[in-house]
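got a predicted structure plus its sequence, pasted below:
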Amino acid sequence: MKTIVLVIGANGQLGSVLTQSLREKFGESNVIASDLRPKDNYKGIFETIDATDINRIKEVVVQYQVTQIYHLAAILSAKGEETPLRTWDINMKTLFNVLEVSRLHNIDKVFFPSSIAVFGEGAPLNDTPNNAYLDPATVYGISKAAGENWAQYYFMRYGLDVRSIRYPGVIGYQSLPGGGTTDYAVDIYHKAVLEEKFSCFLKEDATLPMIFMEDAIRATIELMDAPKEDIKVRTSYNIAGISFSPAEVAQEIRKLYPDFQIAYEPDFRQEIADRWPNSIDDTSAMNDWGWKPQFDLTSITATMIQKLKEKYTAGSKNLETAKS
Ligand code: SER
């Protein structure tokens with residue numbers, strides 16, 4: 001049977017890059033991007049979907065005869081704390097809508113992203129195991145922990161093939177994150193390339209699990225490609241990339257930009273980071289579907305800087321052309 005994919009939240013940091021990879025894999029015309037509104041000059045099939053509206057999701061699923069849904073829309077950890085009840089409402093409602101439409105329309109596979117935000121004080125900080133106790137302290141984390149259990153419930157109760165990954169902070173040059181606690185690890189590279197001073201909202205030694213975009217996308221596609229019987233964890237899989245602190249990235253950046261300056265001005269996001277793991281154990285993902293990260297801090301830094309330089313150079317050329 002032909003695979004037709006619907007990506008919900010296709011404008012986001014992960015969604016935009018994942019949509020591109022899915023188009024390469026399944027063909028341009030078999031991947032439908034959706035979000036609250038299209039980006040300017042969007043190329044490819046796009047449908048406007050507010051995922052809190054179940055009827056709209058149904059309409060698109062029926063119209064295109066969708067067989068897989070990637071549900072990437074959510075309000076992240078830091079942003080979510082501004083309006084806790086609204087965050088809960090949006091994160092859960094959109095998930096329930098996706099699960100229900102998937103059940104009712106016999107969707108083959110569903111992807112639901114979870115996060116290191118599911119962990120709290122009850123989990124060990126180092127090499128946090130997949131089955132650690134979950135007592136998240138942010139509403140985003142609470143919604144992801146609940147979501148994981150709902151994913152497992154739909155699998156057990158209805159046989160819906162929902163698969164999930166607990167992403168670490170995702171670092172990529174292709175898109176910008178928004179509203180997360182790990183966002184500094186993308187912003188810092190932009191500032192380095194622009195040769196500006198970086199003000200970091202976390203402390204210099206705030207070590208968090210991180211992953212390069214290429215690894216995060218590959219993990220998602222490998223998990224979704226794995227034979228159903230290999231997926232032993234139906235809540236969500238820990239995946240590790242690397243772990244580092246702001247001071248360690250700064251040091252790595254200075255190898256290329258010796259004058260790079262960073263100031264530490266921790267805000268409420270430091271309290272969120274304090275309760276998240278320093279590093280996570282991803283043995284289950286390795287054993288069940290062969291997960292293995294490829295990028296370390298040095299290769300991430302080299303790639304981020306090279307790609308962002310290219311982007312900014314192209315951007316300034318465009319600006320010059322526009323002016324002339
Ligand atoms: N990157 C996310 C955040 O910081 C974690 O899933 O909220």
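Received the coordinates, thanks. Residues are numbered from 1 along each chain as shown.

going on from the one helix or strand Val62 maps to, what's the next piece of helix or strand?
Using DSSP states H and E, Val62 falls within helix 54-64. Next helix or strand after helix 54-64 toward the C-terminus (DSSP H and E): strand 68-71.

stretch 226-246 and the ligand in contact?
No: Stretch 226-246 does not reach the ligand (Cβ under 6 Å from any ligand atom); its nearest approach is 11.4 Å. Glycine gets a C-beta too; all of them are placed from N, C-alpha and C.

should've said stretch 163-180
Yes: on the criterion Cβ under 6 Å from any ligand atom, stretch 163-180 is in touch with the ligand at Tyr167, Gly169, Gly180.

surely the last one is in a helix?
Pointing back at Gly180 there. No: counting by DSSP: H, G, I helix; E, B strand; the rest coil, one finds Gly180 to be coil, located in no helix.

any idea how far Ile54 is from it?
Counting by Cβ to Cβ, to the nearest Å, the gap from Gly180 to Ile54 is 27 Å.

between those two, tell me which one has more neighbours.
Taking other Cβ atoms under 10 Å, Gly180 and Ile54 do not tie; Gly180 has more neighbours (23 against 16).

my guess is that one contacts Gly80. True?
No: with contact defined as Cβ atoms under 8 Å, Gly180 and Gly80 do not form a contacting pair (9.4 Å).

okay, the residues of stretch 163-180 next to the ligand in JSON lines with pLDDT next?
Compiled in JSON lines, the residues of stretch 163-180 next to the ligand are given as follows (pLDDT from 0 to 100):
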{"residue": "Tyr167", "pLDDT": "98"}
{"residue": "Gly169", "pLDDT": "98"}
{"residue": "Gly180", "pLDDT": "97"}
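
out of these, who's nearest the ligand?
Distance to the ligand across the residues of stretch 163-180 next to the ligand (Cβ to the nearest ligand atom) is lowest for Gly180, with 2.7 Å.

can you name the residues that contact that closest one?
By Cβ atoms under 8 Å, 6 or more residues apart in numbering, the residues touching Gly180 are Leu76, Ser77, Ala78, Lys79, Gly169.

which pair in those has the greatest spatial separation?
By the measure Cβ to Cβ, Lys79 and Gly169 form the most distant pair in the contacts of Gly180, at 14.5 Å.
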